[in-house]
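J.: okay, here's the prediction I keep looking at, along with the sequence it came from:
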Amino acid sequence: MSEPRAINSRFVALKICLTVIEHGRSLSQSLPEGLAQFSDRRERNFTQNLVLGTLRWQDRLEAIRTHLLKKPMKEKDEDVNQLILLGLYQILYMDTPEHAAVSETVSVTKSLKKPWAKALLNGVLRRFLREKEAICAEVDLKPAYKFSHPQWIVKQLRTAYPEHWQAMLQANNEQASLTLRVNTLQQTRDDLLEKLANAEVEAIAHPNTPQAIVLTKSTDIAKLPTYEEGGFSVQDPAAQQAALILKPQAGESILDACAAPGGKTSHLLEMSNNEAKVFALEKEPERLDRLAENLYRLDLEAEYAVGDASQPADWWNGELFDKILLDAPCSATGIIRRHPDIKWHRTLEDIEQLVETQNAILQALWPTLKPGGRLLYATCSVLPQENTLQMQHFIESEPTAKVIPIEADWGVTFATTPGRQILPGSNGMDGFFYCLLEKEL
């Protein structure tokens, strides 16, 4: 890696982090835009790892920075503030030699046009090299810093999962594997495993999910065998459980509410031999475009429309559904390992509003379900308010709702509340909640 490009990698990483932390943009938007300017794969990977890692460990790094600075930085110097974190992350977590982590990070100050920052940054990072063990030991006394999560998330998980909370927080800071879901209308899992092996792509079958293949290294999926032909999709094993639980059948009328980007929609179709009558609903028009693209690539057919799931009068034709998949809007606290910016973009105040939205959608969709039909409630959250407590409240308020136990070799259940919860990192899966309801005749 040449000297100028190395500096540029760190400068680009800084700009991406600032758009997420300071300007509130999502990482899923900012990261691809920033990485698009790199033609060299190694530089792109370095920048991506630096951004993701710094955001994962933001709270811990900020606490360390506080120890190192004599006084807080001014608001207009947030770029220097964030650059310190990038340097600290390289020293603590990356293979970059310590002298290079310091010198290359300090060099970025030239691009900021803040000459005074060079001495500050150099002094702060070199002091950390001298006092690293003592500073980290003091910072890590507080769980929110040790595991680098906002205090409110730590408190929520500690209360809800007294035996699991530390493992959950740690799992959130680990990089998630890339998992494929084989399109069984085109090939078997063994077929794709063989094709991947022939292409020298290391992959293994996931133990809990019959169509899932886990790649041992991240890669460009568009270059994998059978991608263009629709031979597979990218989907976490936890998300793949939805269609497996709902068991779609040919001829059934199935609503996929809040459907984009279409991973679960396509899985429902694949499992029904593309013969279920799936209606995919999505509130955001631009997200529906991606769903349509995925269906086209996989050679699957579904009806889809823009619409708010809580307002059936605007999109429902009056025909009752045999089954409903409600992948409800949620805090996404179960997928922090894939989207570390969730830690900073989500607040405790958001949860109350999300709970109200979830309940409104449940109340609106239940009348559209046939007697004897089934509704699967799903979230990628680990918070009881959105999951077990939400389901308990709905069951108590809806006399025709009956809980159907989910028999599975994954997740945990609770003695007094319904549903099954997958904890982040368990069997390599994201954090997901499922509860299956049947409408009594």
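T.: Cool, got the structure. Residues are numbered from 1 along each chain as shown.
J.: Leu325 and Gly373, how far apart?
T.: For Leu325, the distance to Gly373 (Cβ to Cβ, to the nearest Å) stands at 12 Å. In this view, the C-beta of every residue, glycine as well, is placed from N, C-alpha and C.
J.: cool, Ile153 as well?
T.: In terms of Cβ to Cβ, Ile153 sits 36 Å off from Gly373.
J.: so between these two, which is more surrounded?
T.: Ile153 (26 against 20; other Cβ atoms under 10 Å).
J.: was I right about the more buried one contacting Ser331?
T.: No - taking contacts as Cβ atoms under 8 Å, Ile153 lies outside contact range of Ser331: 9.2 Å.
J.: the longest strand anywhere in the chain: which residues count as buried?
T.: For the chain, the strand with the greatest residue count under DSSP state E is strand 369-379. For strand 369-379, the neighbour count (16 or more other Cβ atoms under 10 Å) marks 369-370, 373-379 as buried.
J.: kindly indicate which of those residues lies nearest Pro418.
T.: Ranked by distance to Pro418 (Cβ to Cβ), the buried residues of strand 369-379 are led by Tyr377 at 9.4 Å.
J.: who are the contact partners of that closest one?
T.: Taking Cβ atoms under 8 Å, 6 or more residues apart in numbering as the contact definition, Tyr377 lies against 326, 328, 362, 390-391, 419, 433-437.
J.: my guess is Thr357 contacts Ala309, does it?
T.: No - using Cβ under 8 Å, Thr357 makes no contact with Ala309, being 9.4 Å away.
J.: neighbour count for these two, which is higher?
T.: The neighbour comparison of Thr357 against Ala309 (other Cβ under 10 Å) goes to Ala309, with 26 against 16.
J.: just give the nearest non-adjacent residue to the more buried one, would you?
T.: Ala257 (4.1 Å; Cβ to Cβ, 6 or more residues apart in numbering).
J.: circling back: hmm, which two among the buried residues of strand 369-379 are most spread apart?
T.: Lys370 and Thr379 (23.7 Å).
J.: got a list of contacts for the helix or strand in which Gln48 is found?
T.: According to DSSP states H and E, Gln48 maps onto helix 41-56. Contacting residues not belonging to helix 41-56 are listed as 1, 5, 8-10, 12-13, 16-17, 20-21, 27, 31, 34-35, 38, 61, 82, 85-86, 89-90, 93-94, 148, 172-173, 175, 340-341, 343-344 [Cβ under 8 Å, 6+ apart].
J.: just the buried residues of those residues.
T.: Here, 16+ other Cβ under 10 Å leaves 8-10, 12-13, 16-17, 20-21, 27, 31, 34-35, 38, 61, 82, 85-86, 89-90, 93, 148, 172-173, 340-341, 343 buried among the contacts of helix 41-56.
J.: out of those residues, which are inside helices?
T.: Using DSSP state H, the subset of the buried ones among the contacts of helix 41-56 located in helices is 8-10, 12-13, 16-17, 20-21, 27, 31, 34-35, 61, 82, 85-86, 89-90, 93, 172, 343.
J.: was I right to think Leu423 contacts Phe433?
T.: No - Leu423 is not in contact with Phe433 according to Cβ under 8 Å; the separation is 10.2 Å.
J.: who has more neighbours out of these two?
T.: Counted by other Cβ under 10 Å, Leu423 and Phe433 do not tie: Phe433 has more neighbours, with 26 against 23.
J.: that one bridge partners, please.
T.: Bridge pairing for Phe433 (DSSP bridges) gives the partners Thr379, Gln421.
J.: need the contact list for it.
T.: Contacts of Phe433 (Cβ under 8 Å, 6+ apart): 334, 377-382, 386-388, 419-422.
J.: now Ser381
T.: 330-334, 387, 431, 433.
J.: and the furthest pair within the residues you listed?
T.: Largest pairwise distance in the contacts of Ser381, by Cβ to Cβ, is 12.7 Å, between Ala332 and Asn387.
J.: so where's this structure uncertain?
T.: 1-7 (pLDDT under 70).
J.: can you list the domain ranges for it.
T.: 3-143, 178-234, 237-439 (automatic domain parsing).
J.: which residue ranges form the helices in the stretch 201-350 of the chain?
T.: 237-246, 263-271, 285-298, 342-345, 348-365 (DSSP state H, counting those that start in this stretch).
J.: the longest one vs strand 369-379, what angle?
T.: What separates the directions of helix 348-365 and strand 369-379 is an angle of 160 degrees, with axes from the mean of the first three to the mean of the last three Cα atoms, to 10 degrees.
J.: for helix 348-365, packing partners?
T.: Applying 3 or more Cβ pairs under 8 Å, 6 or more residues apart in numbering; DSSP states H and E, one finds that helix 348-365 contacts strand 253-257, strand 321-327, strand 369-379, helix 388-397.
J.: wait, which of these is closest to Thr109?
T.: Closest among the helices and strands packed on helix 348-365, using Cβ to Cβ: strand 369-379, at 43.3 Å.
J.: in strands, which of the contacts of Ser381 fall?
T.: Phe433.
J.: tell me who's in contact with the one residue sitting closest to the centre of the chain.
T.: Closest residue to the average C-alpha location of the chain: Ile335 at 3.4 Å, with Cα atoms, centre = their mean. For Ile335, the contact set (Cβ under 8 Å, 6+ apart) comprises 236, 342, 380, 424, 430-431.
J.: Leu255 contacts Ile361, doesn't it?
T.: No - using Cβ under 8 Å, Leu255 is not in contact with Ile361; the gap is 11.3 Å.
J.: tell me which of those two has more neighbours.
T.: The neighbour count for Leu255 versus Ile361, taken as other Cβ under 10 Å, is higher for Leu255 (26 against 21).
J.: what helices or strands is the strand or helix carrying Ala100 leaning on?
T.: Taking DSSP H and E as the criterion, Ala100 maps to helix 98-107. Helices and strands touching helix 98-107, by 3+ Cβ pairs under 8 Å, 6+ apart, are helix 3-21, helix 78-93, helix 116-139.
J.: list the buried ones in whichever helix or strand comes after that helix?
T.: Counting by DSSP H and E, the element after helix 98-107 in chain order, helix or strand, is helix 109-112. Under the neighbour-count criterion of 16+ other Cβ under 10 Å, helix 109-112 has 109, 111-112 buried.
J.: would a markdown table of those residues with distance to Ala137 be doable?
T.: Conversion of the buried residues of helix 109-112 to a markdown table gives the following (distance: Cβ to Cβ, whole Å):
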| residue | distance to Ala137 |
| --- | --- |
| Thr109 | 29 |
| Ser111 | 34 |
| Leu112 | 32 |
